[in-house]
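J.: I'll drop the sequence and a predicted model, then ask my questions.
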Amino acid sequence: MRSKDELRKSTIRMVLASIKMAEVEKGEPLDEQRLLSLIQKEVKSRQETLSEAQQAGREDLAARAQAELDILQDYLPRPFSDEELDALARQAVAEAGASSVREMGQVMKILMPRLQGRATGEQASQAVRKLLQS
């Protein structure tokens, strides 16, 4: 706020409002996992806004969405690399004893808590599916 960065200030205020709303709905402060998922939800929203703005040819909106996205990503942990995600997926497949795509739900149940905001469910799903199909 002291640096007079209006975009950063408005983006952080928007996230804080979302957090406050979620805390009021739940009736208690959010744990770290829920905070990360809430920030990821905001990131996903900005990504959708960015793609829609680009498709509509609105470069001004696309630039703002990209700037907000960059700010939000500063508050998320470093994402897993493909190799790290594959290693976690292999470990989860081994623990579940899965051998086919039909057992993917069991593997995802083990894997998702380990991601802790560092990979999306879609990325995890693709990694597990790739392992189980081969």
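T.: Nice, thanks for sending it over. Numbering: from 1, shown residues only.

J.: can you pull the contacts of the most centrally placed residue in the chain?
T.: The chain has residue 40 as the residue nearest its centroid, 3.7 Å off, counting by CA atoms, centre = their mean. Residue 40 makes contact with 76, 117, 120, according to CB atoms under 8 Å, 6 or more residues apart in numbering. Glycine gets a C-beta too; all of them are placed from N, C-alpha and C.

J.: Could you do residue 100 as well?
T.: Counting by CB under 8 Å, 6+ apart, residue 100 has contacts residue 132.

J.: what distance separates stretch 98-112 from the centre of its chain?
T.: Here stretch 98-112 is found 20 Å from its chain centre; the criterion is CA atoms, centre = their mean, to the nearest Å.

J.: what does stretch 86-100 give?
T.: Its chain's C-alpha centre and that of stretch 86-100 lie 22 Å apart, by CA atoms, centre = their mean.

J.: Number the chain from 32, please
T.: New numbering, starting at 32: the last item is stretch 117-131.

J.: Can I get that stretch in PDB? Just the C-alpha atoms.
T.: Below are the C-alpha coordinates for stretch 117-131, written out as PDB (Å, rounded to 0.1, in the frame of the first residue of the first chain):
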ATOM      1  CA  ASP A 117       5.600 -38.400 -11.800                       C
ATOM      2  CA  ALA A 118       7.600 -39.600  -8.800                       C
ATOM      3  CA  LEU A 119       4.800 -38.800  -6.500                       C
ATOM      4  CA  ALA A 120       2.300 -40.400  -8.800                       C
ATOM      5  CA  ARG A 121       4.500 -43.600  -9.000                       C
ATOM      6  CA  GLN A 122       4.600 -43.700  -5.300                       C
ATOM      7  CA  ALA A 123       0.900 -43.400  -4.900                       C
ATOM      8  CA  VAL A 124       0.200 -46.100  -7.600                       C
ATOM      9  CA  ALA A 125       2.600 -48.400  -5.700                       C
ATOM     10  CA  GLU A 126       0.900 -47.700  -2.400                       C
ATOM     11  CA  ALA A 127      -2.600 -48.300  -3.900                       C
ATOM     12  CA  GLY A 128      -1.400 -51.400  -5.700                       C
ATOM     13  CA  ALA A 129      -3.200 -50.100  -8.800                       C
ATOM     14  CA  SER A 130      -2.700 -51.700 -12.100                       C
ATOM     15  CA  SER A 131      -5.500 -50.300 -14.300                       C
END
